[in-house]
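Student: Got a predicted structure here, sequence first:
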Amino acid sequence: MLKISTEFRKGVLFVRLVGRIDNEGYLEKINNIIDQMGIQCIVLNLNNLNDVSLDSIDHIIKYNNEILKKNKQLLICDANNIRNRLFKKIIPNIISEIEAFSLI
């Protein structure tokens, strides 16, 4: 089961995912928040995910493409598993939320 924690700081939405990604429904929840608040930058923290399947990575990559089409930015931080290398080729991986916040 996936839990989503969000925090809004200085125009940036921090999204922390905890547990296991089992479907794409969490992306709709994030999109609703983005649309309601007019957010331009999203930091997606993957540090507390138990398992990141290839399907989950595909969901996040597709989501990044959607975000880019809306002229918004998605940063991935704390992708500390072996699939981290896949993200580096497509979405910049930031080590921590503090580093992500300093880049914006």
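Tutor: Thanks, I have it.
Student: what residues are up against the residue nearest to the spatial centre of the chain?
Tutor: The residue lying closest to the centre of the chain (C-alpha atoms, centre = their mean) is residue 44, at 2.6 Å. Listed by C-beta atoms under 8 Å, 6 or more residues apart in numbering, the contact partners of residue 44 are 15, 17, 60, 74-77. The C-beta positions use only the backbone N, C-alpha and C, and glycine is treated the same way.
Student: low-scoring stretches of the chain, by residue?
Tutor: 24, 80-95, 103-104 (pLDDT under 70).
Student: how does it look with 90?
Tutor: Within the chain, the ranges that satisfy pLDDT under 90 run 1-2, 9-11, 17, 19-40, 44-68, 70, 73-104.
Student: sorry, back to before: element containing the residue nearest to the centre of the chain?
Tutor: Using DSSP states H and E, the element containing residue 44 is strand 41-51.
Student: And residue 31, by the same measure?
Tutor: Using DSSP H and E, residue 31 falls within helix 25-37.
Student: list the buried ones in that helix?
Tutor: 26-27, 30, 34 (16 or more other C-beta atoms under 10 Å).
Student: circling back to that earlier point, mind checking which of the contacts of residue 44 land in helices?
Tutor: residue 60 (DSSP state H).
Student: From the contacts of residue 44, pick the one nearest residue 66.
Tutor: residue 74 (9.1 Å; C-beta to C-beta).
Student: re earlier: now do the helix holding residue 31: which elements does it pack against?
Tutor: Judged by 3 or more C-beta pairs under 8 Å, 6 or more residues apart in numbering; DSSP states H and E, the packing partners of helix 25-37 are strand 2-9, strand 12-20, helix 54-69.
Student: Output the contacting helices and strands for the shortest one.
Tutor: Contact partners of strand 2-9 among helices and strands, from 3+ C-beta pairs under 8 Å, 6+ apart: strand 12-20, helix 25-37.
Student: need the buried residues of helix 25-37 in JSON lines with distance to residue 48, can you?
Tutor: Shown next, in JSON lines, are the buried residues of helix 25-37 (distance: C-beta to C-beta, whole Å):
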{"residue": "26", "distance to residue 48": "13"}
{"residue": "27", "distance to residue 48": "17"}
{"residue": "30", "distance to residue 48": "16"}
{"residue": "34", "distance to residue 48": "21"}
